[in-house]
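S.K.: predicted model, plus sequence, below.
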Amino acid sequence: MVAFALSSIFGADTTEELDLSGAWKLSLLSELPIGTTGVVESLDLPGEIQHHLMHMGFVPEARVVVVRRAPAGDPTVYSIDGFEVALRRDTARSIRVREYEAK
Amino acid sequence: MSSCCSTETVDFPLEPRVAGKIRTVALVGPPNSGKSTLFNRLTGLRQKVANYPGVTVEQRVGRLNGIGRSDLTLIDLPGIYGLDSYSEDARVAIEVLHGQMPGTPVPDAILLVLDSLHLRRQLMLAAPVLALGLPTLVLLNMSDLMEARGGSVDSLALAQELGVPVAKISATRGAGLDAINQFLNRKAEPEAPAPTRIELPVVGNPRSYRQWATGISTRTRYKAPLSSEWTRRIDQVLLHRLWGPLIFLGVVFAVFQVVFSIGQPLSDGFGEILNGAGAHVGGLLGSGWVESLLIDGVWRGVASVLVFLPQILLLFLFIGVLEDSGYLARAALIADRVMRSIGLNGKAFIPLLSAYACAVPAIMATRTIENKRDRFATILVAPFMTCSARLPIYMLMIAAFIPNKPLLGDLLGLRAAVMLSLYLLGFLAALATARLLKSSILKASSAPFILELPQYRLPTVRSLGLRLMDRGKVFLRQAGTIILAVTLVLWVLSHIPFHSTLPDSLIGRLGQFVEPVIKPLGFNWKIGIGLLTSVLAREVIVGTLGTLYGADPATQSLGLQAALRHDLTLGGAMALVVFFAFALQCTSTLAIVRRETNSWRWPAAQFVYMGILAYIAAFATNQIILNFVH
């Protein structure tokens, strides 16, 4: 559906991910609801911050789980490679992900 | 407190480097992987450790005494994620490893410390570090915790994959450290084994690092421990939308309440012992000027500060538990909304929290903040946070002037509440100042907040004990040096000219000279002298008051608290603590700000600004209490 339409537009990269089975759609990390998983597509942040995040594991194809939001609703705790890191919405908004919808 | 962050210096061996011979070893690893704990183990030195990333911001050097290799030098480096990071602390590590740090030789070998609870990601750092081509030993730290919590990894397979030896260790327990000795001895032999060829990913590409690391952890059958499950469950409560902030407040209340309800009797008892000892020695000396100098002058002054040791240790016991367990990172998360609303960098939170102990290491810890303007703003507001040097004067005044009444039942007493308000006052002043700076001279775009949440750990008795011992030593050293010297000088000045009464002595005349300036705040001339001497360090005021009231015949027979009640109004007493909440009475802080900002302009402006604020706030406090209370 929409997800498929999107994935055919951004098809080039996603075809190799088909073995992960499930429907994908493009989204921003900040928009993913709690408990969902996203696969990092790209980051668009100032150089040093982007660099820092990538060395922490936020690289394309990495899976990010949205764990919980802080009591005030922001920042949000994400889990990547088994460790947890909190990002403010402003930062998470600059990370594009493909949302994974489990069957 | 200058002594709270002193480092022991170690000279590097001057002999030229010999191939295959190890002289200098560097500890490398990601933030919060336990390098400093291991450093302390291996060298027998003490440097600050806690369960959150970014505690070490400078290279530290020590001899490998802990494993009997005092001929070798160990360098502890700040945690890094890669070898091309940007922040100041990461740059230090990278410069040392590349041999670009003046005065520090290129390390001959590397101990790569990885946290085995998060091995998959931590392995990403192995790629650039192994690419340096130095003899390397990979240490899987906290492997006892990993295995106890159901994780596992095939360390032999890992050694084959990486082409270097791998050892499982536990830095907190000191287990597995003989592997380090074996590694160092083996590498010291001239015929080092030919390096195994291994595949390393493209240098400088995090994506390929990650693929490489994931591949290796799969092939070595790495199974992450289940502890993250527990951490998540605890966080469900501690970061709960409603319970989270409530528990946070409850924790803060409880800490202050216990410092008073349990700490105060301890301090009082300790004070009686100190006074008893003084009286006993005084009795042996007989009455004369020696007795007057030693007992009424020096001992009264020094003891009046020493009395607070139990309460300060108790407070640091709590801070230690909060730091080592990993709760502080959660507190940072809860408080981030406030930090952001004033435009402070999210990373500023941890330095500001550590400023509750002492502003000096806090100001050094701002090096983790990449943005220079954000860093300066944090440096400038850090001294507003209530450091432990303010505690003696707070506790003295509160015990002397605030009745011991319950406020919220058993949860919070009036004394604890006043103490809490003073902490809050400092915090609010920091926020307001930050806001002012960020909207004027230090304007910068909002910086991101990237905070790693460490897994919860049970604090060890050893680590808490070491912390308290260090804190106690700092406090005692301060009392034995600066405060001792100041009380000596004060006693002499209060007896010149000979046979003069206290108001006619040199110190009395100096005090009366400054008195008109501080009279509107409700202070007398003795407080004025205290304000002058406490520019050296805040706790000096208590020693000064102890000596001056001890030298005054009118109050000599009273305890310090009673003497103060005899001499000051409630307004003056509260104005004094408010003054200390704001004023920058600390030469060590001024010196470190000068060093970190590279100019005298910043510390001078900070001193004047905080001084003016202190004066105005103390004046307002005194006037309000005079006019509206009673």
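M.R.: Yes, it's here.
S.K.: make it CA atoms for all contacts and neighbour counts henceforth
M.R.: OK.
S.K.: ok, the residue lying closest to B:Pro225 once chain neighbours are set aside - contacts?
M.R.: Distances taken as C-alpha to C-alpha, 6 or more residues apart in numbering or on different chains place B:Gly151 nearest to B:Pro225, at 3.8 Å, with adjacent residues excluded. Contact analysis of B:Gly151 by C-alpha atoms under 8 Å, 6 or more residues apart in numbering or on different chains lists B:117, B:222-226.
S.K.: ok, now how distant is B:Gly151 from chain A?
M.R.: 12 Å (C-alpha to the nearest C-alpha, to the nearest Å).
S.K.: quick one on the thing from earlier: in strands only, show me the contacts of B:Gly151.
M.R.: Among those, none falls in strands (DSSP state E).
S.K.: of the residues you listed, which pair is most distant in space?
M.R.: Pairwise distances across the contacts of B:Gly151 (C-alpha to C-alpha) peak at 12.4 Å, for the pair B:Tyr222 and B:Leu226.
S.K.: low-confidence regions, the chain specifically.
M.R.: You didn't pick a chain, so chain A it is. A:1-24, A:101-103 (pLDDT under 70).
S.K.: not what I meant, chain B
M.R.: The model of chain B has pLDDT under 70 over residues B:1-20, B:48-55, B:57, B:85-88, B:187-198, B:203-204, B:227, B:345-346, B:444-447, B:630.
S.K.: by contact count, what packs against the lengthiest helix in it?
M.R.: Taking DSSP state H as the criterion, chain B has its longest helix at helix B:601-628. Helix B:601-628 sits against helix B:570-582, helix B:587-597, with contacts defined as 3 or more C-alpha pairs under 8 Å, 6 or more residues apart in numbering or on different chains; DSSP states H and E.
S.K.: chain center to the first one, what's the gap?
M.R.: In this case it means helix B:570-582. Between the centre of helix B:570-582 and the centre of its chain there are 25 Å (C-alpha atoms, centre = their mean, to the nearest Å).
S.K.: what comes into contact with that helix?
M.R.: Applying C-alpha under 8 Å, 6+ apart, the external contacts of helix B:570-582 come out as B:384, B:386, B:390, B:393-394, B:397, B:401, B:422-423, B:425-426, B:429, B:521-523, B:538, B:610-611, B:613-615, B:617-626.
S.K.: of all the helices and strands packed on helix B:601-628, which one is nearest B:Ala417?
M.R.: Closest to B:Ala417 of the helices and strands packed on helix B:601-628 is helix B:570-582 (C-alpha to C-alpha; 13.4 Å).
S.K.: with just CA atoms, put that closest one into CSV.
M.R.: Once non-C-alpha atoms are left out, helix B:570-582 reads as follows in CSV (Å, rounded to 0.1, in the frame of the first residue of the first chain):
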residue,chain,number,x,y,z
LEU,B,570,18.0,35.7,62.4
GLY,B,571,18.0,38.1,59.5
GLY,B,572,21.8,38.5,59.6
ALA,B,573,22.3,34.7,59.9
MET,B,574,20.0,33.9,56.9
ALA,B,575,21.6,36.8,54.9
LEU,B,576,24.9,35.2,55.5
VAL,B,577,24.0,31.8,54.1
VAL,B,578,22.3,33.5,51.2
PHE,B,579,25.5,35.5,50.6
PHE,B,580,27.4,32.2,50.5
ALA,B,581,24.9,30.7,48.1
PHE,B,582,25.8,33.3,45.5
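S.K.: B:Val92: neighbouring residues, count only.
M.R.: Neighbours of B:Val92 under the rule other C-alpha atoms under 10 Å in any protein chain shown: 20.
S.K.: touching, it and B:Gly79? I think so.
M.R.: No. Between B:Val92 and B:Gly79 there is no contact, the gap being 9.9 Å when judged by C-alpha atoms under 8 Å.
S.K.: which ones are touching residue 34?
M.R.: Looking at chain A here, since you left the chain open. Going by C-alpha under 8 Å, 6+ apart, the list of residues near A:Ile34 reads A:66-69.
S.K.: wait, chain B was what I had in mind.
M.R.: B:113, B:115, B:141, B:171.
S.K.: I'd guessed the third one sits against B:Ser116; true?
M.R.: Spelled out, that is B:Asn141. Yes. Under the criterion of C-alpha under 8 Å, B:Asn141 makes contact with B:Ser116 at 5.7 Å.
S.K.: neighbour count for the two, which is higher?
M.R.: Per other C-alpha under 10 Å, whichever of B:Asn141 and B:Ser116 has more neighbours is B:Ser116, with 30 against 27.
S.K.: contacting residues around the more buried one?
M.R.: B:Ser116 touches B:122, B:140-143, B:146, counting by C-alpha under 8 Å, 6+ apart.
S.K.: and if you look at B:Ile295?
M.R.: Taking C-alpha under 8 Å, 6+ apart, we find B:Ile295 in contact with B:278-279, B:281-282.
S.K.: so which residues of chain A form strands?
M.R.: Using DSSP E, the strands assigned to chain A run over residues A:23-28, A:37-43, A:63-69, A:76-80, A:83-87, A:95-101.
S.K.: out of those strands, flag the one nearest B:Leu45.
M.R.: B:Leu45 sits nearest to strand A:83-87 of all the strands of chain A, at 30.2 Å, using C-alpha to C-alpha.
S.K.: dump the closest one to CSV, restricted to CA.
M.R.: The C-alpha coordinates for strand A:83-87 follow below in CSV (Å, rounded to 0.1, in the frame of the first residue of the first chain):
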residue,chain,number,x,y,z
PHE,A,83,22.5,-0.2,24.8
GLU,A,84,20.3,2.8,25.5
VAL,A,85,20.8,6.3,24.5
ALA,A,86,18.5,9.3,24.9
LEU,A,87,18.0,11.9,22.2
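S.K.: tell me which strands it pairs with, and in which orientation.
M.R.: Using DSSP bridges, strand A:83-87 pairs in its sheet with strand A:76-80 (antiparallel), strand B:450-453 (antiparallel).
S.K.: export the last one as CSV, just CAs?
M.R.: Spelled out, it's strand B:450-453. Extracted in CSV, the C-alpha atoms of strand B:450-453 (Å, rounded to 0.1, in the frame of the first residue of the first chain):
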residue,chain,number,x,y,z
ILE,B,450,23.0,12.7,23.5
LEU,B,451,23.0,10.8,26.7
GLU,B,452,24.0,7.2,27.2
LEU,B,453,22.0,5.4,29.8
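S.K.: near chain B, which residues of chain A?
M.R.: A:48-49, A:51-52, A:54-57, A:59-60, A:70-75, A:81-88, A:90-91 (C-alpha under 8 Å from any C-alpha of the partner chain).
S.K.: A:Glu31 and chain B: what is the separation?
M.R.: With C-alpha to the nearest C-alpha as the criterion, A:Glu31 and chain B are 17 Å apart.
S.K.: got the contact list for that residue?
M.R.: A:Glu31 sits next to A:Arg93 when contact means C-alpha under 8 Å, 6+ apart.
S.K.: mind doing that once more with 7 Å?
M.R.: A:Glu31 makes contact with no residue under the criterion C-alpha atoms under 7 Å, 6 or more residues apart in numbering or on different chains.
S.K.: kindly report the same for B:Trp212.
M.R.: B:Trp212 neighbours (C-alpha under 7 Å, 6+ apart): B:Pro201.
S.K.: make it 10 Å
M.R.: By C-alpha atoms under 10 Å, 6 or more residues apart in numbering or on different chains, B:Trp212 lies in contact with B:120, B:123-124, B:126-127, B:199-202, B:206, B:218.
S.K.: what's the closest of the residues you listed to chain A?
M.R.: B:Pro206 (5.6 Å; C-alpha to the nearest C-alpha).
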